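Colleague: Structure for the following, please:
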Amino acid sequence: MTHFLDIHKTDPTDLRAMIDHAAAMKTARDGRPKGALDDDQPLKNYMVALIFEKPSTRTRVSFDVGVRQMGGQSMVLSGADLQLGHGETIADTARVLSRYVDLIMLRTFEEDVLLEMAEYASVPVINGLTNRTHPCQIMADILTFEEHRGPIRGKKVVWSGDGNNVFASFAHAAGQFGFDLTFTGPPTLDPENIFLEEARAKGSKIEIIRDPMEAVAGADLVVTDTWVSMHDSQSAKERRHNQLRGYQVNERLMAAAKPDALFMHCLPAHREDEATSAVMDGPHSVIFDEAENRLHAQKAIMRWCLGV
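Modeller: This next block holds a predicted model:
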């Protein structure tokens, strides 16, 4: 079964093919209405289940639109619709859904839920996000970088802030696409060491540098993410702000990177917290290209999973 569960679990040749295919599909749609079908309709007669235990804007809309543009049909289900693992087991839910649909995209909290769904489904499963990783976002980020600056291989990417699930997938991608990655953030929010070691084992230079100004020197790309989750308590939010305030991406920090460095944020953003509006709306920022490219990257991922 061709699942897309994590970047480091997917062959680099296939990852490269997906990025190139996504770019080609995006180019083919230039100037067309957003609702127009692709000339090629590879998902015609296919049904895709989009399951959201965790709320979403970009993931929901981009997957739904992508399925429709490629001629398929989608069914959007919430955690309340399915109550995954709270009544029927995840394994049984996977078996049942596989009798109805051709592809499952799951956005959930615990990685174990995703892995169990993939183990028992007889159709491909795509990781739309877990608390541990976010591979579809990073595929869109690589597509975005390369359409602005060319191949990402050998480039320096700097992550400023929390070593969260998005950073984890960046580390996976560093090993598979051959770029270097620096984390700058407080020790209390360091990423899991296994993510760093996996990338190092594949030849990427992976560093942790506490001083953000030192970290971004020579950076081709500076990336951050929200400091807080919608589920965090007020006290947890205050603690995170206190820990991360020194890692805000502002004009001073971007000036320490390469003159043509790009800035990314996967959104939603808390402006003036993890990044200033001056950076988000400034000349380095490609955040809205990045958001659009979720659509094109995920279309390529779905086609790869289905072999169409």
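
Colleague: low pLDDT regions in the stretch 51-200 of the chain?
Modeller: Scanning the stretch 51-200 of the chain for pLDDT under 70 picks out the ranges 85.

Colleague: in the stretch 101-250 of the chain, which spans are helices?
Modeller: Along the stretch 101-250 of the chain, the stretches classed as helices by DSSP state H, counting those that start in this stretch are 111-120, 135-149, 165-177, 193-201, 212-215, 234-244.

Colleague: nearest to F4, of the ones you listed?
Modeller: Ranking those by proximity to F4 (CB to CB) places helix 135-149 first, at 6.9 Å. No exception for glycine: its C-beta is placed from N, CA and C like everyone else's.

Colleague: Leaving aside the residues adjacent along the chain, what's closest to A257?
Modeller: A219 (4.0 Å; CB to CB, 6 or more residues apart in numbering).

Colleague: Report the contact partners of that neighbour.
Modeller: 156-158, 182, 257-258, 261 (CB atoms under 8 Å, 6 or more residues apart in numbering).

Colleague: R303 too?
Modeller: Contacts of R303 (CB under 8 Å, 6+ apart): 21, 42-43, 70.

Colleague: hmm, which two among these are most spread apart?
Modeller: Checking these with CB to CB, the most distant pair is H21 and L43, at 13.9 Å.

Colleague: And those two? Which one has more around it.
Modeller: L43 (25 against 17; other CB atoms under 10 Å).

Colleague: State the distance from that one to I51.
Modeller: 17 Å (CB to CB, to the nearest Å).

Colleague: what does R29 give?
Modeller: Distance from R29 to I51, by CB to CB: 27 Å.

Colleague: With A257 instead?
Modeller: For A257, the distance to I51 equals 38 Å [CB to CB].

Colleague: on that earlier part again, make TSV out of the contacts of A219 and add distance to G246 and neighbour count.
Modeller: What follows is these, written out as TSV (distance: CB to CB, whole Å; neighbours: other CB atoms under 10 Å):
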residue	distance to G246	neighbour count
K156	21	21
V157	20	27
V158	15	27
T182	16	22
A257	17	23
K258	22	18
A261	20	21
